[in-house]
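>>> Show me the folded form of this:
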Amino acid sequence: MQHSLKIVASLLLLCSVCMLAFGCQTVPAEQPKDSDTTTATPVEDPVPSDTTDTTPPVGDDTTVPGTTEPPVTDPVTSEPETSAPETETSPEPEVPEEPAIIHPLTGLKTDTDLSAKRPAAIMINNIRVSCPQDGIIYADIIYECLVEGGLTRLMMITLDYDNLPEIGSIRSSRDYYLNFAADFDALYIHAGGSPFAYDSIKARKIQNLDGVNMWNIPAKTFYRSPERMKTMSLEHCLVSTGEKIAAAVKYKKYRTDLAENFDYPLDFVKPDETVTFANKAENIHIPFSISQVTDFTYDAETGEYLRYQFNGQKHVEGTTGEQLTFKNVMILFCKTGAITGDVKNRIDVTTVGEGSGYYAVNGTYTKIKWVKDSDESPIRFYGEDGELLMMNPGKTFISVCPTSIESIVSMNYAK
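As a prediction, this is how the structure comes out:
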């Protein structure tokens, strides 16, 4: 009997185990513990409510099998992205260009500012037997005017006289050349002179260097050129140099700065501008006398005038052999006549007052008017419109002619 009861109890226990194993009731699954696994963050599109998620929790470094999507991570919450305020970059301030240094006697650009310096005016022999002259190619401006006997004499004006090479031959003064020098407030350099010139030099207290009658300057400021003496007489051989002239000026304690508020008589357009006129001036012909006929022929390639004298001979510089050329040619007509009673038949040229003339440049010309109020005041030039004459930058040749030849001066001479 006891044995039968044990068998029944065992059967009942077996039935209970089977019922538990085969699910007579559903037992909820145990949630994973925080200490072991990171809970997967819900996907943006939630799982439908009728589906039971049996997928194991996803860790930070675990890829869900069967998908190519990247692992789901916690969405990052960040501050709204703000861009830095846009700032306009200011352009670099333009550095103004240094103003060009302009040579006051030529209007050309130069490396050295000479605007406050006083120039020198040097008398140059122009007798045929004294040619060629040395150093005149370094002139900024050259004057030509008659002296006695139908000859002409030159006067070269230069600012950078300190650096001149040998220059000459240096010749004597005439009183009207003193006014040409005064037009540029220039130191005056000569070798002798007419009585009228010496009277004017003394009366006007003109600062000058004289190679004949001034013995109170350093020795050998003027000297005879050995080379010129080989072919010329003594009166055509007197020369000097810039270094010697500068030393003599210093010794004499002459003023080397331009006079205060002095205004040069030549006015130039800017270096990149140009002036031309309607009238042609391609072959300028100036018959001063039987002895001296001057010509200027325009060279279109260089834009300058080639100078000839003595009826068609090239006017060349002695040391270089170069023909003289000029950008600007001016012709001034002045009353000219013999000095009554002068045994040397010297002449007088009226340089104070006003008169007519021509200005030629770039193969063209215009009529001009010159005005000079006094011996010491600078000459002024006016165009046909009555305004100050504006010239092209470059070297200038000024021919001072008698009014008596005005009708035979030709701007387009044909032989």
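>>> so residue 244, which of the three states?
The assignment at residue 244 comes out as helix when based on DSSP: H, G, I helix; E, B strand; the rest coil.
>>> Repeat that for residue 179.
Applying three-state DSSP: residue 179 is helix.
>>> Sketch out the low-pLDDT regions of the stretch 251-400 of the chain for me.
Within the stretch 251-400 of the chain, no range satisfies pLDDT under 70.
>>> What about the closest residue to residue 156 other than its chain neighbours, how many residues nearby?
Spatial nearest neighbour of residue 156, excluding adjacent residues (C-beta to C-beta, 6 or more residues apart in numbering): residue 139 at 3.6 Å. C-beta here means a position set from N, CA and C on the backbone, and glycine is covered the same way. Residues contacting residue 139 under the criterion other C-beta atoms under 10 Å number 27.
>>> Now do the same contact list for residue 104.
The neighbourhood of residue 104, defined by C-beta atoms under 8 Å, 6 or more residues apart in numbering, consists of 114-115, 159, 264.
>>> change it to 10 Å
110, 113-117, 119, 140, 159, 184, 258, 262-264, 266, 268 (C-beta atoms under 10 Å, 6 or more residues apart in numbering).
>>> try residue 100
Residue 100 touches 108-110, 270-272, counting by C-beta under 10 Å, 6+ apart.
>>> rewinding a little: correct me if wrong: the residue nearest to residue 156 contacts residue 186.
No - applying C-beta atoms under 10 Å as the test, residue 139 and residue 186 come out as separate, 11.8 Å apart.
>>> Please enumerate the shared neighbours of those two.
Contacts common to residue 139 and residue 186, judged by C-beta under 10 Å, 6+ apart, are 121-122, 155, 157-158, 161.
>>> could these go into TSV alongside neighbour count, secondary structure and distance to residue 395?
Converted to TSV, those look like this (neighbours: other C-beta atoms under 10 Å; DSSP: H, G, I helix; E, B strand; the rest coil; distance: C-beta to C-beta, whole Å):
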residue	neighbour count	secondary structure	distance to residue 395
121	26	strand	15
122	29	strand	15
155	28	strand	14
157	22	strand	10
158	23	strand	10
161	28	helix	15
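>>> Return the member of those residues nearest to residue 392.
Nearest to residue 392 among the shared contacts of residue 139 and residue 186: residue 157, at 17.9 Å, using C-beta to C-beta.
>>> Quick check: bridge partners of that closest one?
residue 121, residue 141 (DSSP bridges).
>>> For it, list the residues it contacts.
Counting by C-beta under 10 Å, 6+ apart, residue 157 touches 105, 119-122, 139-143, 180-181, 183-184, 186, 396, 398.
>>> Could you do residue 387 as well?
residue 267 are the contacts of residue 387 under C-beta under 10 Å, 6+ apart.
>>> start at 635 instead
Right, with 635 as the first residue, what we last looked at is residue 1021.
>>> Please report phi then psi for it.
Per-residue torsions, residue 1021: phi -90, psi 160 (degrees, to the nearest 10).
>>> Tell me how far it lies from residue 901.
Look at residue 1021 and residue 901: by C-beta to C-beta, to the nearest Å, they are 10 Å apart.
>>> out of the contacts of residue 738, who's nearest residue 991?
residue 900 (13.6 Å).
>>> tell me the contacts of the closest one?
738-741, 774-775, 817-818, 962, 964, 1012-1015, 1022-1025, 1027, 1030, 1032.
>>> hmm, try it at 7 Å
By C-beta atoms under 7 Å, 6 or more residues apart in numbering, the contact set of residue 900 is 739, 1025, 1030.
>>> For the closest residue to residue 995 other than its chain neighbours, give me phi and psi.
Excluding the flanking residues, the one nearest residue 995 by C-beta to C-beta, 6+ apart is residue 1026, at 4.9 Å. When quoted as degrees, to the nearest 10, the phi and psi of residue 1026 stand at phi -80, psi 140.
>>> so residue 1026 sits right up against residue 904, yeah?
No - with contact defined as C-beta atoms under 7 Å, residue 1026 does not reach residue 904; the gap is 10.3 Å.
>>> do you know how far residue 952 is from residue 768?
Taken as C-beta to C-beta, the span from residue 952 to residue 768 is 4 Å.
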